[in-house]
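J.: Give me a 3D structure for the following:
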Amino acid sequence: MALTHTRPIHSDPPPPPAESDELVCSLHEQQQEQQLEEESSVSDTAAFCLESPARCLTGEACIERAWDQWNKLGRPKLIVAPMVDNSELPFRMLCRKYGAEAAYTPMLHSRIFTETEKYRNEEFTTCKEDRPLFVQFCANDPDILLAAARRVEPYCDYVDINFGCPQRIARRGNYGAFLMDKLPLVKSLVEKLATNLHVPVSCKIRVFPNLQDTLSYAKMLEDAGCSLLAVHGRTRDEKDGKKFRADWNAIRAVKNALRIPVLANGNIRHMDDVKNLMEETGCDGVLSAESLLENPALFAGFRTAEWIEGSEESTKDGNLDQADLLVEYLKLCERYPVPWRMIRSHVHKLLGEWFRIHPSVREDLNAQSRLTFEFLYDMVNQLRERGVRIPLYQKDTNVTDGLAS
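T.: Okay, here's the model as predicted:
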């Protein structure tokens, strides 16, 4: 296990330059002038903002700063959404292998993150290949959020604030989507990070039932210093993604109303959905969550059997299945250790259909109070020996090309 490749956050990173020190500000300006000679494509103000805490919360400079960062990262379009206990480093790396261009960490609790070293070291690890990276926090105290964000800013490209979690634990903890009722607090959280961090601030939200409320909300976030906004096209009460379709029209309206990059989230099952969502909303990128858990190769064009039925296009066995992906994931977990509860969750998500065919294998898994890699590899072998294989599918380009000709 190559622990040297991970970056657990054991202690505070080097402190950023003092915000009120005029001498330091002058030094930064001199350094920036030299950089501008080498990179003439970046404007004075935007480049300065990228290298130091933002000093302008409104106006052209902040918009330019937001786009400069997005362009610098290559405008990633295929993005792993934040998922509690499920978008950890090994899973992010698996998704990146299969086409993901950027990824969010799981939602981290800002207060626990600042107070507990064990929580920091277990819940957040990264490596040099794990970029671009959004580190997401839930919070309801600006000072605590800033303290947590400063610990991770050397290791990420954005610090993200979760304003979208609709679960009961978020209601009890006073964070996530339940801050939609406390907009002054939301604004203060964004402003606190935007004026003090060296990396940009992003936010992830859900929509209000009323479109105008959603647009006012999004505009407030932009004005407060948000550099990138991810919009989940469901309301706080629409928790079941299979029951409630995401509102792409609302996402498009947000994109049209804002001047910063906007990401879309909702109704992504395969790459045709990605294409359609991008076209219908005009957004700058797409997030996927639940579908990636069942199919981490989604962004590489693979589909589960559920999404080839009724398709007008010919498909073929992609010579890849979820057991193959699980083995790859387990090998990444050996390299980048994470809590076993995360691994157990991914096993169930990836092999759910397989377990329905052989429920005794699932029962054996559930009976294990402590998992080992040996047990999990053996479990996969057992399924294969029983003749279980549920392939992932790809478009049959040979048939498509033949029809076209």
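J.: what stretches of the stretch 101-250 of the chain score poorly on pLDDT?
T.: Applying pLDDT under 70 to the stretch 101-250 of the chain picks out residues 239, 241-242.
J.: what about the strands in it?
T.: Per DSSP state E, counting those that start in this stretch, the stretch 101-250 of the chain carries strands over the ranges 102-104, 108-109, 133-138, 158-163, 201-206, 226-232.
J.: now for the first one, which elements pack on it?
T.: If you count contacts as 3 or more Cβ pairs under 8 Å, 6 or more residues apart in numbering; DSSP states H and E, strand 102-104 packs onto strand 78-80, helix 89-97, strand 133-138. No exception for glycine: its C-beta is placed from N, CA and C like everyone else's.
J.: Neighbouring strands - and their directions - for it?
T.: Here strand 102-104 has these sheet partners by DSSP bridges: strand 78-80 (parallel), strand 133-138 (parallel).
J.: Select, out of those strands, the one closest to Thr372.
T.: Judged by Cβ to Cβ, the one of the strands paired with strand 102-104 that comes nearest to Thr372 is strand 78-80, at 26.9 Å.
J.: chain center to that closest one, what's the gap?
T.: Distance, stretch centre to chain centre, for strand 78-80: 7 Å (Cα atoms, centre = their mean, to the nearest Å).
J.: That one - what's its average pLDDT?
T.: Averaged across strand 78-80, pLDDT comes to 98.
J.: How about residues contacting it?
T.: The contact list for strand 78-80, computed with Cβ atoms under 8 Å, 6 or more residues apart in numbering, reads 87, 91-92, 95-96, 99-104, 263, 274, 285-288, 292, 299.
J.: Kindly report the same for stretch 306-323.
T.: Taking Cβ under 8 Å, 6+ apart as the rule, stretch 306-323 contacts 269-270, 294-295, 297, 302-303, 350-351, 353-354, 380, 383-384, 389-396, 399-400.
J.: Quickly list the domain ranges of this structure.
T.: What the record gives for the chain is the domain set 71-299, 315-391, from automatic domain parsing.
J.: Just the buried ones among the contacts of stretch 306-323, please.
T.: 269-270, 294-295, 297, 302-303, 350-351, 354, 380, 383, 391-395 (16 or more other Cβ atoms under 10 Å).
J.: quick one: which of those sit in strands?
T.: If you go by DSSP state E, the buried ones among the contacts of stretch 306-323 have 391-395 in strands.
J.: and the residues you listed as CSV, adding distance to Pro200?
T.: Formatted as CSV, those follow (distance: Cβ to Cβ, whole Å):
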residue, distance to Pro200
Pro391, 41
Leu392, 35
Tyr393, 38
Gln394, 36
Lys395, 36
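J.: Out of those residues, which is nearest to Val199?
T.: Nearest to Val199, judged by Cβ to Cβ, of those is Leu392 at 35.6 Å.
J.: For the closest one, list the residues it contacts.
T.: Contacts of Leu392 were listed using Cβ under 8 Å, 6+ apart, and they are 295, 297, 302-304, 318, 320-322.
J.: Local confidence estimate at it?
T.: 95.
J.: which non-adjacent residue is nearest it?
T.: Nearest residue to Leu392, sequence neighbours excluded (Cβ to Cβ, 6 or more residues apart in numbering): Phe302, at 4.1 Å.
J.: thought the one you found was touching Ser291?
T.: No: look at Phe302 against Ser291 with Cβ atoms under 8 Å: they stay out of range, at 10.9 Å.
J.: rewinding a little: any of the contacts of strand 78-80 buried? List them.
T.: When neighbours are counted using 16+ other Cβ under 10 Å, the contacts of strand 78-80 contain these buried positions: 87, 91-92, 95-96, 100-104, 263, 274, 285-288, 292, 299.
J.: Can you lay out the domains of the chain as JSON lines showing distance to Ile63?
T.: JSON lines is the format used below for the domains of the chain (distance: least, Cβ to Cβ, whole Å):
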{"stretch": "domain 71-299", "distance to Ile63": "5"}
{"stretch": "domain 315-391", "distance to Ile63": "37"}
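J.: Packed most tightly, which of these would that be?
T.: domain 71-299 (a mean of 20; mean count of other Cβ atoms under 10 Å).
J.: any idea how far Thr126 is from the residue nearest to the spatial centre of the chain?
T.: Central residue of the chain (Cα atoms, centre = their mean): Tyr104, 2.5 Å from the mean position. Distance of Tyr104 to Thr126, given as Cβ to Cβ, to the nearest Å: 12 Å.
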